[in-house]
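> Everything below, folded, please.
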Amino acid sequence: MGRLTTFVAGMLTGAVLLTVATHYHIVRGKRGVVLVRKLESGLADVYVDTRDFGPSDWLERKAVAIAIMRSDKSDAFQDTSIDGFRENVGELVDQWLEPTTRR
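All right, here's what the predicted structure looks like:
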């Protein structure tokens with residue numbers, strides 16, 4: 001029974017890890033690691049290290065920026081290299097969502 005128990009434990013661990021990877025961004029900032037719910041399920045941007053992010057990095061990862069803003073965890077990223085993170089990303093969210101709200 002030892003091998004079966006190990007197999008089942010491995011399957012459960014894998015299922016939990018896959019669920020977390022498809023539904024959450026694991027975001028590392030200067031103040032620590034935060035789980036942020038993804039806008040769309042998938043394996044893109046599972047782990048994002050934002051400690052050295054600049055404006056171009058945030059533009060490349062719009063989905064992560066929007067997910068952070070929607071999760072109300074943007075306080076954890078105040079010390080990133082973008083001055084006024086909330087304001088800049090808030091503007092980005094408004095611009096990005098603008099075409100979709102006109103449908």
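> For the longest helix anywhere in the chain, C-alpha coordinates in PDB please.
In the chain, with assignment by DSSP state H, the single longest helix is helix 2-23. C-alpha atoms of helix 2-23 as PDB (Å, rounded to 0.1, in the frame of the first residue of the first chain):
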ATOM      1  CA  GLY A   2       3.000   2.300   0.400                       C
ATOM      2  CA  ARG A   3       3.400   2.800  -3.300                       C
ATOM      3  CA  LEU A   4      -0.300   3.500  -3.900                       C
ATOM      4  CA  THR A   5      -0.400   6.000  -1.100                       C
ATOM      5  CA  THR A   6       2.700   7.800  -2.600                       C
ATOM      6  CA  PHE A   7       1.100   7.800  -6.000                       C
ATOM      7  CA  VAL A   8      -2.200   9.200  -4.800                       C
ATOM      8  CA  ALA A   9      -0.400  11.900  -2.700                       C
ATOM      9  CA  GLY A  10       1.600  12.800  -5.800                       C
ATOM     10  CA  MET A  11      -1.500  13.000  -7.900                       C
ATOM     11  CA  LEU A  12      -3.300  15.300  -5.400                       C
ATOM     12  CA  THR A  13      -0.300  17.500  -5.000                       C
ATOM     13  CA  GLY A  14       0.000  17.800  -8.800                       C
ATOM     14  CA  ALA A  15      -3.700  18.600  -9.100                       C
ATOM     15  CA  VAL A  16      -3.500  21.400  -6.500                       C
ATOM     16  CA  LEU A  17      -0.400  22.900  -8.100                       C
ATOM     17  CA  LEU A  18      -2.000  22.900 -11.500                       C
ATOM     18  CA  THR A  19      -5.100  24.500 -10.200                       C
ATOM     19  CA  VAL A  20      -3.100  27.300  -8.500                       C
ATOM     20  CA  ALA A  21      -1.000  27.700 -11.700                       C
ATOM     21  CA  THR A  22      -4.000  28.100 -14.000                       C
ATOM     22  CA  HIS A  23      -6.000  30.400 -11.700                       C
END
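> what residues does the helix or strand following it touch?
The element immediately downstream of helix 2-23 (helix or strand, assigned by DSSP states H and E) is strand 24-29. For strand 24-29, the surrounding residues in contact (CB atoms under 8 Å, 6 or more residues apart in numbering) are 20, 33-38, 45-51, 64, 67-68, 76-77, 79-80. In this view, the C-beta of every residue, glycine as well, is placed from N, C-alpha and C.
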